[in-house]
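Visitor: 3D, please:
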Amino acid sequence: MLFDTHVHLNADQYEEDIEEVIERAREAGVTKMVVVGFDEKTIPKAMNLVEKYDFLYAAVGWHPVDAIDMEDRHIEWLRELASHPKVVAIGETGLDYHWDKSPKDVQKKVFRRQIQLAKEVKLPIIIHDRDAHQDIVDILKEENASEVGGIMHCFGGSIEIAQQCLNMNFYISFGGPVTFKNAKKPKEVAKEIPLERLLIETDAPFLAPHPYRGKRNEPAYVKLVAEKLAEIKEISYEELAHYTTRNAFKLFGIS
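Guide: Reported below is the predicted structural model:
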């Protein structure tokens, strides 16, 4: 059993063959997936998918790149959706200093609002962190995000940053980049993360693992992430699958 904790099956890239993509994932042993919606277009599509498939769950949030577009009504919308039985997390939210569409101060405000919402509705938070490691950690501390915890999605920070996140009740999730031949740092960090706090994901259709790097990613490829992490942790693939799936069930409150 594998659990892809972060996938965008609601992306345009799957318009033509969503059924086949899901079938390939099931054949690869992926029994559960969290479909992440992060704006006005992707959230309704995520909700439609989780209504249709019993093994899919949703996360709803507002992406930091688009923070400048967020209005009060969107927070109210997220609050309403949070009561849906198949919504298991708030996110993805966080900070993204790579793209400059949304000013940093706006991103921080929107990030804080979503942490506060997650605490209100008692759901974990899925964190998007691009080139903003220390600011993310500082805001999580200031907002007492440890109350609900969550996931550092597709983690790319240092072991020091990871340790601070672990101390705040967060899980560390790895995706395709940990399989890249030149990915020295993610491998070093993954080796240090306790098995009880490790998760796997694809972020599909983005960040496809080796040997599909540069091509469209899909949830079936989470198996390649699991195999690489098992190798890094020097344990069996079955043990890695067991721990990461159990961790996801626990975090998302899925019985």
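Visitor: let me see the ranges of the strands in this structure.
Guide: Ranges of strands in the chain, per DSSP state E, are 2-7, 30-37, 56-60, 87-96, 125-130, 150-152, 170-174, 198-200.
Visitor: can you lay out those as JSON lines showing mean neighbour count?
Guide: From N, CA and C alone the C-beta is placed, and that goes for glycine too. JSON lines is the format used below for the strands of the chain (neighbours: other C-beta atoms under 10 Å):
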{"stretch": "strand 2-7", "mean neighbour count": "28"}
{"stretch": "strand 30-37", "mean neighbour count": "25"}
{"stretch": "strand 56-60", "mean neighbour count": "25"}
{"stretch": "strand 87-96", "mean neighbour count": "26"}
{"stretch": "strand 125-130", "mean neighbour count": "25"}
{"stretch": "strand 150-152", "mean neighbour count": "29"}
{"stretch": "strand 170-174", "mean neighbour count": "26"}
{"stretch": "strand 198-200", "mean neighbour count": "24"}
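Visitor: would you format those as CSV with distance to Phe206 included?
Guide: Shown next, in CSV, are the strands of the chain (distance: least, C-beta to C-beta, whole Å):
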stretch, distance to Phe206
strand 2-7, 10
strand 30-37, 11
strand 56-60, 16
strand 87-96, 12
strand 125-130, 12
strand 150-152, 16
strand 170-174, 14
strand 198-200, 15
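Visitor: the ones you listed: which one's closest to Arg216?
Guide: Of all the strands of the chain, it is strand 2-7 that lies closest to Arg216, at 12.3 Å by C-beta to C-beta.
Visitor: can you list the strands that that closest one pairs with?
Guide: When sheet partners are counted by DSSP bridges, strand 2-7 sits next to strand 30-37 (parallel).
Visitor: what about the closest residue to Asp66 other than its chain neighbours, how many residues nearby?
Guide: Leaving aside its chain neighbours, Asp66 sits nearest to Asp39 (5.5 Å; criterion: C-beta to C-beta, 6 or more residues apart in numbering). Using other C-beta atoms under 10 Å, Asp39 has 15 other residues around it.
Visitor: of all the strands of the chain, which one is nearest Tyr237?
Guide: Closest to Tyr237 of the strands of the chain, according to C-beta to C-beta: strand 2-7, at 9.8 Å.
Visitor: contact partners of that closest one?
Guide: For strand 2-7, contacts defined as C-beta atoms under 8 Å, 6 or more residues apart in numbering pick out 25, 28-36, 59, 92, 126, 151, 153-154, 173, 175, 199-204, 219, 222-223, 226, 241, 244-245, 248-249.
Visitor: again, but for stretch 182-191
Guide: Contacts with stretch 182-191, where a contact means C-beta under 8 Å, 6+ apart, come from 155-159, 162, 172, 174, 177-178, 180, 198, 229, 232-233.
Visitor: can you tell me the closest non-neighbouring residue to Asp135?
Guide: Per C-beta to C-beta, 6+ apart, closest to Asp135 is Leu95, 5.6 Å.
Visitor: with Val36 instead?
Guide: Nearest non-adjacent residue to Val36, counting by C-beta to C-beta, 6+ apart: Ala59, 4.7 Å away.
Visitor: residues in contact with that neighbour?
Guide: 6, 34-37, 46, 87-92, 126.
Visitor: cutoff 10 Å now
Guide: By C-beta atoms under 10 Å, 6 or more residues apart in numbering, the contact list for Ala59 reads 5-6, 34-38, 43, 46, 87-93, 123-126, 150-151, 153, 252.
Visitor: got the angle between the lengthiest helix in the chain and strand 125-130?
Guide: In the chain, ranked by residue count with DSSP state H as the criterion, the top helix is helix 104-121. Angle, helix 104-121 to strand 125-130, by axes from the mean of the first three to the mean of the last three C-alpha atoms, to 10 degrees: 160 degrees.
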